[in-house]
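# Build me a model from this:
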Amino acid sequence: MIKIAICDDSEYIRKKNEDLLVKYTIQKDIDCKIKQFENGESLLEEVDDFNLVFLDYQFEDKGADGMVIAKAIRKKNADITIIFLSSYTNIVYETFEVATFRFLPKPLDEEKLYNAMDAFMDSLKNEKTICVKSGGENHFIKENQISYIEGDGKYCIIHLINKKNVIECIETLAAVEEKINSKNFFRCHKSFLINMKYVDSYTHNDLVLQDDEMVAISRQRYKLFKNAYAEYLSRV
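Numbering: from 1, shown residues only. The predicted model follows:
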């Protein structure tokens with residue numbers, strides 16, 4: 001499932017954008033959830049829940065402008081895709097500062113919006129993204145957003161780099177591990193698959209990850225982990 005936020009001070013623009021996106025997802029047979037926000041401050045409270053944000057540049061008297069909000073988004077999550085919407089076409093280069101995926105001028109053009117969505121969907125395929133089942137829905141997760149995955153019998157729990165966010169997956173740890181393409185992941189225990197990108201330190205018994213998350217490492221896997229981690233550090 002793709003989760004999209006539309007953040008614009010114009011109710012008309014929000015409604016038109018959502019209508020076009022619904023039409024697109026029906027045509028492409030894509031599971032999608034869309035939520036509207038009238039200012040950036042309210043978006044920031046929930047932004048980690050979204051894969052894609054359509055962000056207005058100018059909010060008049062309803063809060064901080066789009067660049068301020070985009071920079072705040074980047075501090076929270078560097079991988080959320082941002083598409084700017086604005087009638088001020090002269091600011092397009094300014095938006096590059098926050099790694100904007102696309103810039104779409106207002107009024108919205110259906111063809112340009114759909115081209116942007118096609119490019120976004122292609123990026124999910126090319127950026128080592130996995131699709132897992134949770135709560136009866138398919139979720140797309142970028143591998144570099146995963147801190148570690150915890151096995152729980154027939155299920156598993158995916159812990160994202162922001163530790164308050166987890167995805168309870170109705171697939172086994174082994175099944176999800178098979179979907180991982182990156183060499184950055186290591187099975188350190190029968191119940192844990194970790195992303196070596198977020199290892200801060202380790203002992204013979206535990207790995208300390210970002211945000212002081214602690215994961216067990218089995219005695220049998222310790223030497224293998226040391227070798228894999230050394231190889232990882234040589235690549236980065």
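# tell me which helix or strand of the protein sits lowest on mean pLDDT?
strand 137-142 (a mean of 83; mean pLDDT, DSSP states H and E).
# For that one, enumerate the helices and strands it packs against.
strand 129-134 (3 or more Cβ pairs under 8 Å, 6 or more residues apart in numbering; DSSP states H and E). For every residue, glycine as well, the C-beta is placed using N, CA and C.
# Just the residues contacting the strand it packs on, thanks.
For strand 129-134, the external contacting residues (Cβ atoms under 8 Å, 6 or more residues apart in numbering) are 138-143, 158, 167-171, 176, 179-181.
# switch the cut-off to 10 Å
1, 51, 123-124, 138-146, 149, 155-158, 166-171, 175-176, 178-182 (Cβ atoms under 10 Å, 6 or more residues apart in numbering).
# Sort out for me which of the residues you listed are in helices.
Secondary structure defined by DSSP state H assigns 123-124, 175-176, 178-179 of those to helices.
# tally of neighbours for I141?
21 (other Cβ atoms under 10 Å).
# next one: A99
Count around A99 with other Cβ under 10 Å applied: 13.
# and the two most separated of the ones in helices among the contacts of strand 129-134?
Comparing all pairs in the ones in helices among the contacts of strand 129-134 by Cβ to Cβ, the longest separation belongs to S123 and A175, at 24.5 Å.
# M117: which element?
helix 110-126 (DSSP states H and E).
# Which strands or helices does that helix pack on?
Under the contact criterion of 3 or more Cβ pairs under 10 Å, 6 or more residues apart in numbering; DSSP states H and E, helix 110-126 touches strand 2-7, helix 11-28, strand 52-56, strand 81-86, strand 102-105, strand 129-134, strand 137-142.
# who touches the residue nearest to I158 when sequence neighbours are not counted in this structure?
Nearest residue to I158 in three dimensions, chain neighbours excluded: I167, at 4.3 Å (Cβ to Cβ, 6 or more residues apart in numbering). I167 is in contact with 132-135, 139, 141, 146, 149, 156-160, counting by Cβ under 10 Å, 6+ apart.
# Kindly provide the distance from I167 to H139.
6 Å (Cβ to Cβ, to the nearest Å).
# what touches both of the two?
132-133, 158.
# Mark which of those are buried, thanks.
Those of the shared contacts of I167 and H139 that meet the buried threshold are 132, 158, by 16 or more other Cβ atoms under 10 Å.
# hang on, the earlier thing: most surrounded residue in the ones in helices among the contacts of strand 129-134?
The most crowded member of the ones in helices among the contacts of strand 129-134, judged by other Cβ under 10 Å, is V176 (21 neighbours).
# my read: that residue touches D152, true?
No - V176 lies out of contact with D152 (Cβ atoms under 10 Å); the separation is 11.5 Å.
# Tell me which helix or strand K33 sits in.
strand 32-37.
# ok, K106 - contacts?
So K106 contacts 8, 10, 13, 16-17, 56-57, 85-89 (Cβ under 10 Å, 6+ apart).
# just K142 next, same as before
K142 sits next to 51, 77, 79-81, 123-124, 127-130, 160 when contact means Cβ under 10 Å, 6+ apart.
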